[in-house]
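[1] Quick one, what's the 3D model for this:
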Amino acid sequence: MAAPLLPSRVSDEATPLLPAPPELEQPDGSKLRPKKASPFFITTIAILWVLIIEFGDELINPAQTRVFESIYCQLYYKDHDPSLIGNDGHGGVDEKWCKIPVVQGQVAMLKGWQNTLNAIGMLLFSLPWGYFADVYGRRPTLFLVGLGFWFRSVYVQIICYFGLVVPLKLVWISSLHTLIGGSSSVAAAMIYTIISDVTPEEGRITIFLRVQAASIATQVGAPILSAALMNLHPWVPMLSGLAIMAIPLLLVFYLPETLDYNATETDSGTTSYSSSTMSAKPEPFVKKMFHTISSSLSFLGSDVRILFILPAFFLHMLILNRDTLLQYISTRYAISIASATVLISVRSGLILFSLLLFLPALSHLLRHRLQLSSQKSDLVLAQGSTIIMSLGFLMIALAPTIPILMVALTLNSFGWGLTLFLRSLITSLVEEHHIARLNALVGVVDTMGFMIGSPSLAWAFEEGLELGGWRTGLPFLICAGALAVVVVFQAGIRIREDNKAQHTSEDLAREG
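    Residues are numbered from 1 along each chain as shown. Take a look at the predicted model:
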């Protein structure tokens, strides 16, 4: 039977972000603490959570884009050519007539502003939910994030059902789901924090790659399944995805709490922690929140290299956003959204190969054969990934035909370890009790980039459609240019000799 959702330390209101209290008396000192779950079990549950919730979301997204397109298309032709309505077999307009700039521009702006509003919500509520996670634990926070995702999808589908009667822009209200758990930024912070709680430094990059691979794996199978189900009706994958997204709400009950995972028990039966002490008296909520925010940023001055790494995360959620790519392929090459979804799934398969086989092998080669330190290896791989991804986006923007586009997507796929290598590198630059704060800060930077970049890409896509020709790829020219700037920042990062010697000796010791 699963353990209760809220851990027993819920009554302690003065717990800092990651450091735990020095001592908490057990009710009965003679009783042994329950046996801790293994790191393998915990990381497996965390990866399954990512896998299932992303699979459901990936089933929904392509079909939902098609429903948005269909609604705007019907409204357009209702005023311009009503004879086209009803010729798609479902009472709407055949998809081939919906690839006009006015309809595609409306869809792009609808989704672009939706992403921006979501990002604003994440920016506002990430730190409060981080505070909640420090008091009540990672597990209940992850449950609430999943609940927020599910409520968001339910609401959007209700608006879509009545989309010809009510304004479709009402879907923007779904951004209020960030009130429940904090949405994607908090979900990512919790998953990476849970992994950091139970995994030593030398094993982190491998687990990080597996988490990203789990996310990408859903982009291989789910969109293809969604495209097949869309042939029946777009609502089939949408409702199926909604049902699947409910499963993680149950799965999280079997995830052990990791907030005090590294706590040790003394002979007297008390629980001690390796982190710093907390205040003896509970602080007022506002004062506590202010202290949490200020302490979350205090470690930035400890290593200037952190400031050179963070800008790359500004682009992270932006380059992960496939909505614009889906519309771009469908519109520029005059193919259906279902067909464009299949092409993107092929790229996802290549990314999966890169994350599971190619990049881990390359990382092993650099660290164990060329004897680079973990930090130096992560930096070299991050720099190479940035250059490759930038060139890939440039080719996507300029590709005149689908075969050349596939070459561009292939090249682009081998750069997708970028933020994972940077996350591993930046984590190694801070002390252990700052890791959760660092992940929260990375989430905020992610969100700010998403908030600014989503409407910018939507605008660039709309402008590119108006300009036509190779300029249709304007959003991806912007991505390529932004990544080129990241290369400049990365050039300022240096691995210190003392760190290099320390990490190299650790690597050689583990190898031996």
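[2] The helix or strand encompassing Met406 - what's its average pLDDT?
    Following DSSP states H and E, one finds Met406 within helix 402-413. Helix 402-413 shows a mean pLDDT of 93.
[3] One more: stretch 346-356?
    The model assigns stretch 346-356 a mean pLDDT of 87.
[4] Quick one: residues in contact with that stretch.
    Outside stretch 346-356, the residues that touch it by C-beta atoms under 8 Å, 6 or more residues apart in numbering are 209-210, 212-213, 216-217, 219-220, 223, 406, 409-410, 412-414, 416-417, 420. C-beta coordinates here come from the backbone N, C-alpha and C atoms, glycine included.
[5] Pull out the CA atoms of it and give them to me as CSV.
    This file holds the C-alpha atoms of stretch 346-356, laid out as CSV (Å, rounded to 0.1, in the frame of the first residue of the first chain):
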residue,chain,number,x,y,z
VAL,A,346,11.4,10.7,-37.2
ARG,A,347,13.6,13.5,-35.8
SER,A,348,12.5,12.5,-32.3
GLY,A,349,13.8,8.9,-33.0
LEU,A,350,17.1,10.4,-34.0
ILE,A,351,17.2,12.5,-30.8
LEU,A,352,16.5,9.4,-28.8
PHE,A,353,19.4,7.5,-30.4
SER,A,354,21.6,10.5,-29.7
LEU,A,355,20.6,10.7,-26.0
LEU,A,356,20.7,7.0,-25.2
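[6] thought Ile396 was touching Val407?
    No - if you go by C-beta atoms under 8 Å, Ile396 and Val407 don't touch, sitting 9.7 Å apart.
[7] More neighbours: which of these two?
    Using other C-beta atoms under 10 Å as the criterion, Ile396 and Val407 rank with Ile396 on top: 25 against 14.
[8] quick one: which helix or strand includes that one?
    Here Ile396 is assigned to helix 374-398, by DSSP H and E.
[9] Could you figure out how far that helix is turned away from helix 402-413?
    160 degrees (axes from the mean of the first three to the mean of the last three C-alpha atoms, to 10 degrees).
[10] could you give the mean pLDDT of helix 374-398?
    On average, helix 374-398 scores 92.
[11] Show me what that helix is packed against.
    Counting contacts by 3 or more C-beta pairs under 8 Å, 6 or more residues apart in numbering; DSSP states H and E, helix 374-398 packs against helix 201-230, helix 359-364, helix 402-413, helix 418-427, helix 474-491, helix 497-511.
[12] what distance separates that helix from the centre of its chain?
    19 Å (C-alpha atoms, centre = their mean, to the nearest Å).
[13] One more: stretch 65-72?
    25 Å.
[14] Give me the contact list for it.
    88, 92-93, 95, 98, 103-104, 106-107, 110-111, 160, 163-164, 168, 230, 234-235, 238, 323, 326-327, 337-338.
[15] What of stretch 398-407?
    Ile329, Tyr333, Ile335, Leu343, Val346, Met395, Ile396, Ala408, Trp470, Gly473.
[16] Now do the same contact list for the second one.
    Counting by C-beta under 8 Å, 6+ apart, Tyr333 makes contact with Ala340, Thr401, Ile402, Leu405.
[17] which one of the residues you listed has the most neighbours?
    Ala340 (25 neighbours).
[18] so how far is Glu466 from that one?
    21 Å (C-beta to C-beta, to the nearest Å).
[19] wait, Ile173 sits on Tyr155?
    Yes - using C-beta under 8 Å, Ile173 is in contact with Tyr155, at 7.1 Å.
[20] circling back: which among the contacts of Tyr333 gets closest to Ile52?
    Ala340 (24.8 Å; C-beta to C-beta).
[21] The closest one falls within a helix, correct?
    Yes - under DSSP: H, G, I helix; E, B strand; the rest coil, Ala340 sits within a helix.
[22] Can you show me the CA trace of stretch 405-424 as CSV?
    What follows is stretch 405-424 as a C-alpha-only set of coordinates in CSV (Å, rounded to 0.1, in the frame of the first residue of the first chain):
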residue,chain,number,x,y,z
LEU,A,405,14.6,19.3,-44.5
MET,A,406,15.2,15.7,-43.2
VAL,A,407,18.9,16.2,-43.4
ALA,A,408,18.6,19.4,-41.4
LEU,A,409,16.4,17.7,-38.8
THR,A,410,19.0,14.9,-38.5
LEU,A,411,21.8,17.3,-37.9
ASN,A,412,19.7,19.3,-35.4
SER,A,413,18.9,16.1,-33.5
PHE,A,414,22.6,15.6,-32.5
GLY,A,415,22.7,18.9,-30.6
TRP,A,416,19.9,18.1,-28.1
GLY,A,417,22.3,17.2,-25.3
LEU,A,418,23.1,20.9,-24.9
THR,A,419,21.1,21.9,-21.8
LEU,A,420,21.7,18.5,-20.2
PHE,A,421,25.5,18.9,-20.4
LEU,A,422,25.2,22.5,-19.2
ARG,A,423,22.9,21.4,-16.3
SER,A,424,25.5,18.8,-15.3
